[in-house]
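Engineer: Sequence and predicted structure are below.
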Amino acid sequence: MTLLTSDASQSKTRQHEEPGLSRDLARMLSRRRTLVSLGWFGGVTMLASCSGGASSSEAAVTAATPVGTTTSSSSNSSTTTGSCVAHPTETNGPYPADGSNSANGAVANVLLESGIVRSDIRSSFNGQTGTAEGVELRLKVTLSNVNDSCAPLAGYAIYVWHCTADGNYSVYNLPAQNYLRGVGVTDSNGEIEFTTIVPGCYAGRFPHIHFEVYQSLASATHYNNRLLVSQMAVPKEECAYVYSTQSAVYGNSSRNLSSISINTDNVFRDNSTEEIEAQTLVMSGTIQDGYDATVEVGLAV
C-alpha cells in the first residue's frame, strides 16, 4: 500500500478530478495515429528531483573529488537509430555516492556496500535504518541497443538514485540514511523494476531521477566504469498533483515546481525534443495505489 499523509481524505475518487486526463487521452490518440503513419507501432517500452539541503549546482560537479488516475504519454522515436533514442549524457550531480566524490569527509560509494542490489529502494540498508516517505512509484526501465534495432540489453547493471520528498539526498544531506539508491540487473528483455517514491522538487531543478549504466554487475563498483550517466524526468503534471495533495510530506516541492519547466531546467534544456521525450517517464496511477512509470533507455553498444 502506498504511503499516504493526512491528505488521505482525498480518497473521493472522481474521474473528472484527474489532472489533464482528457488532454492526455487526446495526446495519446494523436501519437498513436502518428506512429501508425510512420509504420512503427511496436510495443515501445516506456519509462526520475527533487528544497531541502539539495543544491541547484547539479549542472557542474567535479568527478574527482485521486486519488484520481493520471496518465502522461511519451514515445521514443528517432530518424537515425530506429525506434529508440540514445539517452544523452548528463551530470551525475553533487550527490551520486558512486565513488566520484566525498560526503562528510569520506569517499561516498554505496556501490561497494552489501545490499545495494535490490528492487525496493525505499528503505536504508547495510546496517542503516529508515524508510523514505512519499507516494509509491513503481519504475520499470528497459535498456535497448540503439545500434541493433533496439534489441534488449540483458545482464547490464543500472544504478538509480534520487532525492527525498522534501528534496534531500541520503548519504550527503542525510548521512545516517542510504535509501533511495539501488542497483538492478536487466533480464532477458532488458528490463529492471524498482519500487521507490515520487521524488520531490527542490529549487532550481525539474523533478528527476539519476541513473548510471554498467556493462555488468561486476563492473558496477565505481563511477569510472560506467557506460552512461544520465537522468530521467518525472512528468510535471503528475508531480504537481502529488505535491499539492501531499504537501505535508512534499514540503516546498509544489512551490519549487511552479518556478521551473523542463525547458528551463539547467540539465534537460539543451536536449532535443526527441531526447526529452525519451528521458521523460510515462506515468499512470493514483495517490492511493501508487504510480507505475516506464522508460526506455537507449544505449549505443
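Structural biologist: That came through, no problem.
Engineer: Show me the shaky parts of the stretch 1-150 of the chain.
Structural biologist: The stretch 1-150 of the chain contains residues with pLDDT under 70 at 1-82.
Engineer: Recalculate using a threshold of 50.
Structural biologist: Within the stretch 1-150 of the chain, the segments meeting pLDDT under 50 span 1-53, 55-81.
Engineer: Tell me both backbone torsions, phi and psi, for residue 273.
Structural biologist: phi -60, psi -40 (degrees, to the nearest 10).
Engineer: Can you classify residue 115 by secondary structure?
Structural biologist: Assigned with DSSP: H, G, I helix; E, B strand; the rest coil, residue 115 falls in the coil class.
Engineer: Now do the same contact list for it.
Structural biologist: With contact taken as Cβ atoms under 8 Å, 6 or more residues apart in numbering, residue 115 is in contact with 125, 126. Every residue, glycine included, has its C-beta placed from N, CA and C.
Engineer: Just to be sure, residue 277 is in a helix?
Structural biologist: Yes: per three-state DSSP, residue 277 lies within a helix segment.
Engineer: Retrieve the pLDDT associated with it.
Structural biologist: On pLDDT, residue 277 comes in at 97.
Engineer: With residue 245 instead?
Structural biologist: On pLDDT, residue 245 comes in at 98.
Engineer: Kindly report the same for the one 4 residues further on.
Structural biologist: In this model, residue 249 is scored at 98, pLDDT.
Engineer: what about it, is that helix, strand or coil?
Structural biologist: With three-state DSSP as the basis, the three-state label of residue 249 is helix.
Engineer: That one contacts residue 166, correct?
Structural biologist: Yes: with contact defined as Cβ atoms under 8 Å, residue 249 and residue 166 form a contacting pair (7.5 Å).
Engineer: Okay, strands next: where are they in the stretch 101-250 of the chain?
Structural biologist: 106-109, 136-145, 151-152, 157-161, 181-185, 191-197, 208-214, 228-233 (DSSP state E, counting those that start in this stretch).
Engineer: strands paired with the shortest one, and their directions?
Structural biologist: The reference is to strand 151-152. Strand pairing for strand 151-152, using DSSP bridges, gives strand 136-145 (antiparallel).
Engineer: relative orientation of the strand it pairs with and strand 191-197 in degrees?
Structural biologist: Using axes from the mean of the first three to the mean of the last three Cα atoms, to 10 degrees, one finds that strand 136-145 and strand 191-197 are set 150 degrees apart in direction.
Engineer: Just the CA atoms of strand 136-145, as PDB, please.
Structural biologist: C-alpha atoms of strand 136-145 as PDB (Å, rounded to 0.1, in the frame of the first residue of the first chain):
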ATOM      1  CA  GLU A 136       4.900   4.900  -4.100                       C
ATOM      2  CA  LEU A 137       6.400   4.800  -7.600                       C
ATOM      3  CA  ARG A 138       7.000   1.500  -9.400                       C
ATOM      4  CA  LEU A 139       9.600   2.200 -12.100                       C
ATOM      5  CA  LYS A 140      10.300  -0.100 -15.000                       C
ATOM      6  CA  VAL A 141      13.400   0.600 -17.000                       C
ATOM      7  CA  THR A 142      14.100  -1.100 -20.400                       C
ATOM      8  CA  LEU A 143      17.600  -0.900 -21.700                       C
ATOM      9  CA  SER A 144      17.900  -1.100 -25.500                       C
ATOM     10  CA  ASN A 145      20.700  -1.100 -28.000                       C
END
